[in-house]
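I would like to see how this sequence folds:
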Amino acid sequence: MIRRLGTLAMVLACVALSACVSASSLGLATLGSSISAQKVDFVEIYGYADRAKLAYADEATIRTHYPKTLGVRSPGNSDIQYFIEQDDKLKIQFITIRGTANKKNLLEDLEIRILADLQIDIPVDSGFDKSTKAIFADVKPYLKKNYKTYVSGHSLGGAVAVLLAVYLIKDGYQVERIVTFGQPKFTTTAGVERIGTIPLIRVVDENDMIPMLPPVTSFRRNDKYEHVGPEVVLLDGTRYSYLSSHDAGRISIGELWRSMRFADLADHHMDNYLNRLSAKRDAAVEVPYDQREKYVSAKAANATGASP
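Residues are numbered from 1 along each chain as shown. Prediction:
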């Protein structure tokens with residue numbers, strides 16, 4: 001079953017469908033009414049964000065910033081690029097995956113076809129699955145199973161990063177951390193249940209609409225698009241909110257509609273994420289999710305396209 005996200009008109013039309021709402025109005029109103037007290041290391045997350053930004057650069061620039069880079073590659077016919085670093089002294093390895101290079105057409109490029117991946121036994125978006133398998137096959141000759149592995153990515157590359165980590169874990173690699181930025185959904189409720197607990201942190205800007213996509217459209221009874229893992233929501237200044245995996249899964253496209261006065265595709269840009277994170281490296285203050293709109297700035301202009 002295919003859903004093409006051609007324009008924001010599709011998003012707005014979806015709001016009218018009852019299948020798009022995964023939590024009641026009362027549930028949304030009371031969601032995240034207290035702080036989690038979950039410790040978030042923004043210095044560590046900033047390091048992943050810096051890598052995710054550099055993944056859009058050319059090979060020479062990547063190697064200048066990260067001299068332990070073994071390769072910068074773009075396997076298959078996709079424009080998704082990744083680079084791998086390895087530190088033999090510390091026995092660690094990093095895989096960082098770039099999203100689509102053409103952010104202007106991001107919504108048009110996001111085509112959803114859910115299929116069953118027999119290798120990892122979850123329903124997944126076919127495009128993400130194809131890119132993941134290409135990177136998995138390409139990166140394996142570089143990897144060492146006795147090294148701790150860290151995976152990150154931005155946008156579509158974030159979705160591929162999570163899927164790649166699932167492949168790696170299944171294949172016996174020591175995946176210590178997965179960090180994604182502005183990642184869209186790539187699986188369904190059934191997929192989330194089968195994946196279970198993985199060392200994932202999803203970082204989203206409160207104004208970034210891409211993590212709300214694809215809409216929570218039901219393919220079959222009780223099986224809808226859903227996010228995996230907890231969510232760190234970046235707000236203005238030092239503020240942020242934290243949602244557990246359970247609460248994050250209840251956020252629907254209805255939330256995007258409710259916050260359209262804030263949403264802006266320009267906030268999907270990695271520079272924006274770096275700026276938001278930079279303000280939180282020395283000190284960060286968690287606020288309840290249901291109070292987050294006090295700490296975001298409304299957008300005067302309509303949502304527009306942005307470069308990586």
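
Show me where the stretch 151-300 of the chain has its strands.
For the stretch 151-300 of the chain, the strands defined by DSSP state E, counting those that start in this stretch occupy 174-181, 187-188, 200-205, 218-220, 223-226, 231-234, 239-243, 285-286.

Which one of the ones you listed lies nearest to M270?
Among the strands of the stretch 151-300 of the chain, the nearest to M270 by C-beta to C-beta is strand 174-181 (6.7 Å). Every residue, glycine included, has its C-beta placed from N, CA and C.

Which strands and helices lie in contact with the closest one?
helix 42-54, strand 148-154, helix 156-170, strand 200-205 (3 or more C-beta pairs under 8 Å, 6 or more residues apart in numbering; DSSP states H and E).

element containing N146?
Here N146 sits in a region with no helix or strand, counting by DSSP states H and E.

Sheet partners, orientation included, of the helix or strand harbouring F94?
Using DSSP H and E, F94 sits in strand 92-97. When sheet partners are counted by DSSP bridges, strand 92-97 sits next to strand 82-87 (antiparallel), strand 148-154 (parallel).

Can you name the residues in contact with it?
48, 51-52, 54-55, 66, 80-87, 135, 139, 142-144, 147-154, 157-158, 160-161, 164 (C-beta atoms under 8 Å, 6 or more residues apart in numbering).

now the helices and strands packed on strand 174-181 in JSON lines, with mean neighbour count, mean pLDDT and distance to S297?
What follows is the helices and strands packed on strand 174-181, written out as JSON lines (neighbours: other C-beta atoms under 10 Å; pLDDT from 0 to 100; distance: least, C-beta to C-beta, whole Å):
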{"stretch": "helix 42-54", "mean neighbour count": "20", "mean pLDDT": "97", "distance to S297": "20"}
{"stretch": "strand 148-154", "mean neighbour count": "26", "mean pLDDT": "98", "distance to S297": "22"}
{"stretch": "helix 156-170", "mean neighbour count": "26", "mean pLDDT": "94", "distance to S297": "24"}
{"stretch": "strand 200-205", "mean neighbour count": "25", "mean pLDDT": "95", "distance to S297": "11"}
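
Indicate which one of these is closest to S245.
strand 200-205 (8.6 Å).

Export the closest one to CSV, keeping only CA atoms.
What follows is strand 200-205, C-alpha atoms only, in CSV (Å, rounded to 0.1, in the frame of the first residue of the first chain):
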residue,chain,number,x,y,z
LEU,A,200,18.0,4.7,20.8
ILE,A,201,17.5,8.4,21.4
ARG,A,202,15.5,10.4,18.9
VAL,A,203,16.2,14.1,19.0
VAL,A,204,13.5,16.3,17.4
ASP,A,205,13.1,20.1,17.2
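
Show me what that strand is packed against.
helix 42-54, helix 156-170, strand 174-181, strand 231-234, helix 270-278.

what's the closest of those to G99?
So among these, helix 156-170 is nearest, using C-beta to C-beta, at 4.0 Å.

In PDB, could you pull the C-alpha coordinates for that closest one?
Extracted C-alpha coordinates of helix 156-170, given in PDB (Å, rounded to 0.1, in the frame of the first residue of the first chain):
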ATOM      1  CA  LEU A 156      15.800   9.900   6.200                       C
ATOM      2  CA  GLY A 157      19.300   8.900   7.200                       C
ATOM      3  CA  GLY A 158      18.100   8.700  10.800                       C
ATOM      4  CA  ALA A 159      15.400   6.100   9.900                       C
ATOM      5  CA  VAL A 160      18.100   4.100   8.000                       C
ATOM      6  CA  ALA A 161      20.400   4.400  11.000                       C
ATOM      7  CA  VAL A 162      17.800   2.800  13.300                       C
ATOM      8  CA  LEU A 163      17.100   0.000  10.900                       C
ATOM      9  CA  LEU A 164      20.900  -0.500  10.300                       C
ATOM     10  CA  ALA A 165      21.300  -0.800  14.100                       C
ATOM     11  CA  VAL A 166      18.600  -3.500  14.200                       C
ATOM     12  CA  TYR A 167      20.500  -5.400  11.500                       C
ATOM     13  CA  LEU A 168      23.800  -5.000  13.400                       C
ATOM     14  CA  ILE A 169      22.300  -6.100  16.700                       C
ATOM     15  CA  LYS A 170      20.800  -9.200  15.100                       C
END
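
What is it packed up against?
Using 3+ C-beta pairs under 8 Å, 6+ apart: helix 156-170 touches strand 92-97, strand 122-125, helix 126-139, strand 148-154, strand 174-181, strand 200-205.

Go ahead and confirm H268 touches D208.
Yes - with contacts counted by C-beta atoms under 8 Å, H268 reaches D208, the gap being 4.9 Å.

Give the residues shared as contacts by the two.
G182.

Model confidence score at A29, please.
A29 carries a pLDDT value of 54.
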